[in-house]
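What shape does this take:
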Amino acid sequence: MASKASTIVEIPREVLETFSNSDHYHNSFLLRPDEGLEHALERIAENGLPDISVAASQGKFLKLMALAIGAKRVLEVGTLGGYSTIWMGQALPEDGELITLEISEVNAKIARENLAGAGISNARVLVGDAKETLASLPTEEPFDLVFIDADKESNPTYFLEAKRLVRRRGVIIVDNVVRSGRVADENFARGCRKCGGVRTLLKMLKEDKEVEATTIATANTKGFDGFLYAIKL
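Residues are numbered from 1 along each chain as shown. Model prediction:
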C-alpha cells in the first residue's frame, strides 16, 4: 500500500503575523517591563546564539507554573542564554535552587552573565552532555519542576531521567512538540530526527502508567508549536 502524501503546508506569512500580533497584544497587558530579561535577549542576539529562546508569554507561563506548585527546586535541560532560566528563577524563594544543563561552555558563560545581570543568584549552570549529567544527579532531593528544551532527538532519554528525578505530583514540561504540525505527519517525520524524538516520546507516554500528560499547542511570536505537560503520579 502506498504511503499517504505529506499534509504539511507552509503557514502563510499573514497567519504568522496574526499569531505574533495577538501575542504582542496580550503581552502588552500581562507582561511587565523587565530589564534583566530584555538585556538577556539582547546579549543572546549580540553573541550570535540562535533565536530559539522561549517566547516571552511561555516564559511567563513557566514562572506562573513554578509559583502555582510552590516550586523550590527546578531542573532545566537546555540553558542556551539563560532566558527561560531567568523566568523560572524569578519564581523561586530565597532558599530555592535551579539547576540548568548546557552542553556549550560558550553558551553557559553568556547564561551565567545574564543570570547575574537579572539578579538570579540561586541558579547553577552545569556544562556537559545532559544525558550524562542527568544520570549523575541523585534522587534524594527531588525536583518540583523539570523543563526540557534541548536536542529533540534525546527527548525520550531526558524524559525518563526527569521522571526519575521529579517528586510525586511534580511537573515535567517538554518544549517544541508540535513543530508547525510536522510531528503529526508520518511522511514528513520519517526524515526529521527532531520530530522522531517527539514521536518516540509520545509512544512511550501512551504506555506509561506513572504519568498523566497532555500537549498544549501554542500560536505566538514563535509561530505554531506547543509543549507537552506531564505530572508524575
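
Tell me which residues of the longest helix anywhere in the chain come out buried.
Criterion DSSP state H: the longest helix present in the chain is helix 13-30. Within helix 13-30, the residues scored as buried using 16 or more other CB atoms under 10 Å are 16, 19-20, 23, 27. Every residue, glycine included, has its C-beta placed from N, CA and C.

Skip ahead from it and say which helix or strand is next.
helix 35-46 (DSSP states H and E).

Which neighbouring elements make contact with that following helix?
helix 83-89, helix 105-117 (3 or more CB pairs under 8 Å, 6 or more residues apart in numbering; DSSP states H and E).

any idea which of those helices is most buried?
helix 83-89 (a mean of 26; mean count of other CB atoms under 10 Å).

Quick one: residues in contact with that helix.
36-37, 40-41, 44, 53-54, 58-60, 62-63, 66, 71, 74, 76, 79, 98, 100, 111, 114-115, 118, 120, 122-123, 125, 145, 147, 149 (CB atoms under 8 Å, 6 or more residues apart in numbering).

Please write out the alpha-carbon positions of that helix in PDB.
Provided in PDB are the C-alpha atoms of helix 83-89 (Å, rounded to 0.1, in the frame of the first residue of the first chain):
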ATOM      1  CA  TYR A  83      16.300  33.500  29.200                       C
ATOM      2  CA  SER A  84      13.900  30.800  30.300                       C
ATOM      3  CA  THR A  85      16.200  30.200  33.300                       C
ATOM      4  CA  ILE A  86      15.600  33.800  34.500                       C
ATOM      5  CA  TRP A  87      11.800  33.400  34.200                       C
ATOM      6  CA  MET A  88      11.800  30.300  36.400                       C
ATOM      7  CA  GLY A  89      14.400  31.700  38.700                       C
END
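
Average pLDDT for it, rounded please.
What helix 83-89 shows for mean pLDDT is 98.

per-residue confidence averaged over the longest helix of the chain?
In the prediction, helix 13-30 has an average pLDDT of 97.

Equivalent analysis for stretch 174-194, please.
Rounded mean pLDDT across stretch 174-194 is 87.

show me where the protein has helices.
Using DSSP H, helices in the chain cover 13-30, 35-46, 56-68, 83-89, 105-117, 130-136, 155-165, 186-189, 193-207.

in the chain, which ranges drop under the pLDDT threshold?
Flagging of the chain using pLDDT under 70 yields the residue ranges 1-7.

what do you get if the cut-off is 80, keeping everything else the same?
1-9, 187-191 (pLDDT under 80).

Regarding residue 12, what are the backbone dihedral angles?
Dihedral pair for residue 12: phi -60, psi 150, per degrees, to the nearest 10.

Count the residues that sit near it.
9 (other CB atoms under 10 Å).

Could you check how far it is from residue 18?
If you measure residue 12 against residue 18 using CB to CB, to the nearest Å, the figure is 9 Å.
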